[in-house]
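Novice: Give me coordinates for this.
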Amino acid sequence: MPVMMTFALQGCAFINNMKSGNLKGAAGDLAKEAQTLADAKKYGDNECAPIKTDELSWEEERAVGSAVGVGLAMNGGHFFIEGVTEKNPEVLNADLKKAKLPDNEKNELTAYLSVTGRNIARFSSRPELPWTFGVIENETPNAFSAPGGYVIVTTGLLKKITNEAQLAGVLAHEIGHIVHKHSLKRYKQGKFDQCSVALAAQYYSERSSNLPNDLRAALKFSKRFGKGGKVDLDAPDEGGFVAFVVKAVLKLMDVLGNEKEDEFQADATALELVAFAGYDASEYEKFLASLGAQGGGFSKHPSTDDRVAKLKAAREGEMAPFASGTAKPDVAKAFAPLKK
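Specialist: Residues are numbered from 1 along each chain as shown. As a prediction, the model looks like this:
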């Protein structure tokens, strides 16, 4: 917590006390405020600590996954579909559950991606998830996933793919992140951070009238965090509580990305999934190599050389009996809308 903020807020009182010769009293007041602030932070951290270790319910995973998925889409572009005028991904997602998209090339591409992704996901350890795959218009080659089975790829990434086996590898990598719950670690950290700030604000406000501005903004959400930091994300969202939590999660995902070992684990899972689905597993390595040494839009990932080396070693080693599939069809026809 920014102790200097408290010092700034107490500045006028401090100067007045100096003028009146009551320097000792002013210093004592500042020390008391600083101690209250430290106690508030400790209280928030302790009350919210179970968030880091408790297992999330499926309902919470799906709810936050939907919110994070919408946030990622809104930050990255808009969905690559036609026949729908709504541009807000949250509203659009709700509409797509009710209506069938018109027949055209863009929508056929989205359907093709979804069928390919679902066929791969059924070989994963979480085949029962309601998997959702989508494309957004963005020229940076990138793909990302959110808890609950949401996978999004950019048009820029699809333009670098030459066959279905490469597409399968990309989707399988993101599926790997979801089945291993990598992004849930970021969610738990973001939820803990916001819970701690909100409860610290509550503690501080009950003991002092000089609540710092950054705590004042979080105070209104303190009652939404139950014992141990539990929340009901399906409850009516009054005052932007979900956005308050998800904003912290998206920031962590953007700044930190996944850990290096998480990326290697997702790659290993991708290799297994594409092999079991009948694809030529070496095509995923070729796709990664096409991104260059830094991995294009995957700059937070380990180096491409390291990823390809690990994949090749596994493919030619323990996975050799299974890695004998084909590249499957050229995707030029399905991806034709990307050139228009």
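Novice: list the contacts for the closest residue to Cys195 other than its chain neighbours?
Specialist: Nearest in space to Cys195, with sequence neighbours left out and distances taken as Cβ to Cβ, 6 or more residues apart in numbering, is Cys48 at 3.8 Å. Every C-beta, even on glycine, is put in place using the N, C-alpha and C of the backbone. By Cβ atoms under 8 Å, 6 or more residues apart in numbering, the contact list for Cys48 reads 192, 195-196, 199, 225, 228-229.
Novice: So what's the gap between the helix or strand harbouring Cys48 and the chain middle?
Specialist: When secondary structure is defined by DSSP states H and E, Cys48 falls within helix 23-48. Put simply, helix 23-48 sits 34 Å off its chain's centre (Cα atoms, centre = their mean, to the nearest Å).
Novice: Convert the helix or strand just after that helix to CSV, retaining C-alpha atoms only.
Specialist: Later in the chain than helix 23-48, the nearest helix or strand by DSSP H and E is helix 58-76. Below are the C-alpha coordinates for helix 58-76, written out as CSV (Å, rounded to 0.1, in the frame of the first residue of the first chain):
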residue,chain,number,x,y,z
TRP,A,58,-16.6,-24.9,-12.3
GLU,A,59,-19.2,-22.1,-12.1
GLU,A,60,-16.6,-19.6,-11.2
GLU,A,61,-14.1,-20.8,-13.7
ARG,A,62,-16.6,-20.5,-16.5
ALA,A,63,-17.9,-17.1,-15.3
VAL,A,64,-14.4,-15.6,-15.1
GLY,A,65,-13.4,-17.3,-18.4
SER,A,66,-16.3,-15.7,-20.2
ALA,A,67,-15.4,-12.2,-18.8
VAL,A,68,-11.7,-12.6,-19.5
GLY,A,69,-12.4,-14.0,-23.0
VAL,A,70,-14.6,-10.9,-23.7
GLY,A,71,-11.8,-8.7,-22.4
LEU,A,72,-9.2,-10.3,-24.5
ALA,A,73,-11.4,-10.0,-27.6
MET,A,74,-12.2,-6.3,-26.9
ASN,A,75,-8.5,-5.5,-26.4
GLY,A,76,-7.4,-7.4,-29.5
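Novice: For the stretch 101-250 of the chain, which segments count as helices?
Specialist: 105-121, 155-158, 164-179, 182-205, 213-219, 241-256 (DSSP state H, counting those that start in this stretch).
Novice: quick one: contacts of the shortest one?
Specialist: Where contact means Cβ under 8 Å, 6+ apart, the residues beyond helix 155-158 that reach it are 80, 135-143, 167, 170, 296-297, 335, 338.
Novice: now with 6 Å?
Specialist: By Cβ atoms under 6 Å, 6 or more residues apart in numbering, the residues outside helix 155-158 that reach it are 80, 137-143, 335, 338.
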